[in-house]
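Asks: kindly generate the corresponding structure for this input.
(one chain, ligands or ions: 4)
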Amino acid sequence: MLLIDEKRLLGALDELAGIGAIDGGGCARLALTDEDKAGRDLLVGWMKAAGLDVRIDAIGNVIGVRAGSENLAPVMTGSHIDTVRTGGRYDGNYGVLAGLEVVRALNDAKRTTRRPIAVAFFTNEEGARFQPDMMGSLVYAGGLGLNEAYAATDKDGVAVGDELRRIGYLGAAKPGALKPHAFVELHIEQGPILDEEKVQIGVVESVQGISWTEYTVTGVSNHAGTTPMRLRRDAGYLAASVNVFVRGLAHEMGGNQVGTVGALSLRPNLINVVPNRAVFTVDLRNTDEAKLKEAEARVAAHIAEVAAAERVEVEAKVLARFEPVIFEAGLVDRVERHAGALSLTTQRMPSGAGHDAQMMQRICPTAMIFVPSVAGLSHNVKEHTEAADLLAGAQVLANLMLELASE
Ligand code: HGY
Ligand code: MN
Ligand code: MN
Ligand code: MN
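Replies: Ligands and ions are numbered 1, 2, ... in the order given. Just a heads-up that it's a prediction; the model follows:
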C-alpha cells in the first residue's frame, strides 16, 4: 500500500494556512487577491519540486501532471485554495494538499502508474469575491465562457480577467483540454453529520442545488423621528423581512431546505435615517430541484408583496444557479469499498456545500470523499478536523487513485 506521510501532509497544511493567516488560526485568501497569489505560488513551487508538469489555464486553474507509463487520460484529484474571509485551514486546501501528498508518496516509493496522475486547484471556488462560485471548474467543464468569467466583477468593480493578469495567472492552457479518466475530490464535510454520528468517511452521493440572488432595493431616505410609519418607504425593512421569511420557509419546508441572507448593506446606514437603499443576498439550497424551485418562487412572491406594500423598487440579479448533481454511482461505490478495506466506518450522504467536483461530474466520472468537521464548523476560523481523520481520508484517496490509475 502507498503510505501517506502524515507529518508531511500536516506540515503542508500548516504552511499553506500561514499564507493569509488571520486571528484564531484560519486564513483569508479571497480569489485572485495577493494572498491567493502567494498561496498559488507556494503550491506551484511544491508541484514543480515534486516533478509535476505544471499547466496554468486561461481561467487560472493550475494542474500538475505526473506522467504515467502510458499516455492515457489522467486520474485527477484536486479542489481549491481560495477561501472565504473567515476561512478555516482545511476547506479546499486539504483536498489539494492530499493530492500532492499522493504524488510525493509515489515519488518516495519510486512507483510509476499506468495512467498519469493530475493534481489541480481551481480558481474562485468560493464565489465570495466574484460570482458564480466554482468559477474555474465551471469554465473547465464548459459551463461558463471565458469572456463571461473575465467580465465578472467584485463589489469594487474589479474584473476577474484583470486580476488574473495582475497576479500572473492568466495562463495559456485551454481550460478542460485535459479530460480526466476520473475525478475524485477529498474535502472536509463542513457540516455536523459525520462528527455527530462518529463516522470516519463520508461517501458523497450528490451535491445539493444552489440558488444565489442579489437584491437591490430602492426606497426613500427620511427622518427616523418625524416620519410616520405609514409614510415610510424603508428599503431596510424589506431586507429584514426577507431574512425572517427565508428562515421560516426553511423550517416549514423541512428536509434539506436551507436559506441564508449572508450579505446585507444599507444606505446611508445611519441611526436616525430611514434607509433608502439595501443590497442583500439570498442563498437557497435543496437536494431536490423541484423543492428548490418552489423555495425560489415563494421568496420572490414574498419580496413582490412586501415591496408593493412598502412602495420600494427591487432589482434582482442571479449570481449563481446550479441544479443538484448526482455523482457516478460506480465510483461512489469504490469510495465506499476503499474506506471499508481500511476498516473505516462510512456513511452515504449528500454534500450541503458546493464543490468543484459538482462541475467535473459534467465531463467525467466523479466522486467525493468527506472527512468529519469537528462540531460541523466551517467558513469559520475554528474549522477543525482531527489528524487521524485527515490521514484516513488521504489514504482512501491514495488507494482509490492508484486503482483508477492502473485500469
Ligand atoms: O458556497 C459553497 O458551498 C461553496 O463553498 N462555494
Ligand atoms: Mn471548499
Ligand atoms: Mn468553502
Ligand atoms: Mn465549497
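
Asks: so which strand or helix has F370?
Replies: In this structure, F370 sits in strand 366-371 according to DSSP states H and E.

Asks: output the contacting helices and strands for that strand.
Replies: For strand 366-371, the packing partners by 3 or more Cβ pairs under 8 Å, 6 or more residues apart in numbering; DSSP states H and E come out as strand 182-188, strand 201-207, helix 329-341, strand 346-351, helix 357-360, helix 387-406. To be clear about C-beta, it is placed using only N, CA and C from the backbone, and glycine gets the same treatment.

Asks: okay, the ones you listed in a markdown table with distance to ligand 2 next?
Replies: Shown next, in a markdown table, are the helices and strands packed on strand 366-371 (distance: least, Cβ to the ion, whole Å):
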| stretch | distance to ligand 2 |
| --- | --- |
| strand 182-188 | 6 |
| strand 201-207 | 11 |
| helix 329-341 | 18 |
| strand 346-351 | 10 |
| helix 357-360 | 10 |
| helix 387-406 | 14 |
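
Asks: list the beta-bridge partners for R277.
Replies: As for beta bridges, R277 partners with T218, R267 under DSSP bridges.

Asks: could I get the CA-only coordinates of the lengthiest helix in the chain as PDB?
Replies: As assigned by DSSP state H, the longest helix anywhere in the chain is helix 289-310. Output in PDB follows, covering the C-alpha atoms of helix 289-310 (Å, rounded to 0.1, in the frame of the first residue of the first chain):
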ATOM      1  CA  GLU A 289     -34.600  20.600  -7.700                       C
ATOM      2  CA  ALA A 290     -38.400  20.900  -7.600                       C
ATOM      3  CA  LYS A 291     -38.300  22.000  -4.000                       C
ATOM      4  CA  LEU A 292     -35.500  24.500  -4.700                       C
ATOM      5  CA  LYS A 293     -37.700  26.000  -7.500                       C
ATOM      6  CA  GLU A 294     -40.600  26.200  -5.000                       C
ATOM      7  CA  ALA A 295     -38.400  28.000  -2.500                       C
ATOM      8  CA  GLU A 296     -37.200  30.500  -5.100                       C
ATOM      9  CA  ALA A 297     -40.800  31.200  -6.200                       C
ATOM     10  CA  ARG A 298     -42.000  31.700  -2.700                       C
ATOM     11  CA  VAL A 299     -39.200  34.100  -1.800                       C
ATOM     12  CA  ALA A 300     -39.800  36.000  -5.000                       C
ATOM     13  CA  ALA A 301     -43.600  36.300  -4.200                       C
ATOM     14  CA  HIS A 302     -42.800  37.400  -0.700                       C
ATOM     15  CA  ILE A 303     -40.500  40.100  -2.000                       C
ATOM     16  CA  ALA A 304     -43.000  41.300  -4.500                       C
ATOM     17  CA  GLU A 305     -45.800  41.500  -1.800                       C
ATOM     18  CA  VAL A 306     -43.700  43.400   0.700                       C
ATOM     19  CA  ALA A 307     -42.100  45.700  -2.000                       C
ATOM     20  CA  ALA A 308     -45.600  46.700  -3.100                       C
ATOM     21  CA  ALA A 309     -46.800  47.400   0.400                       C
ATOM     22  CA  GLU A 310     -43.700  49.300   1.300                       C
END
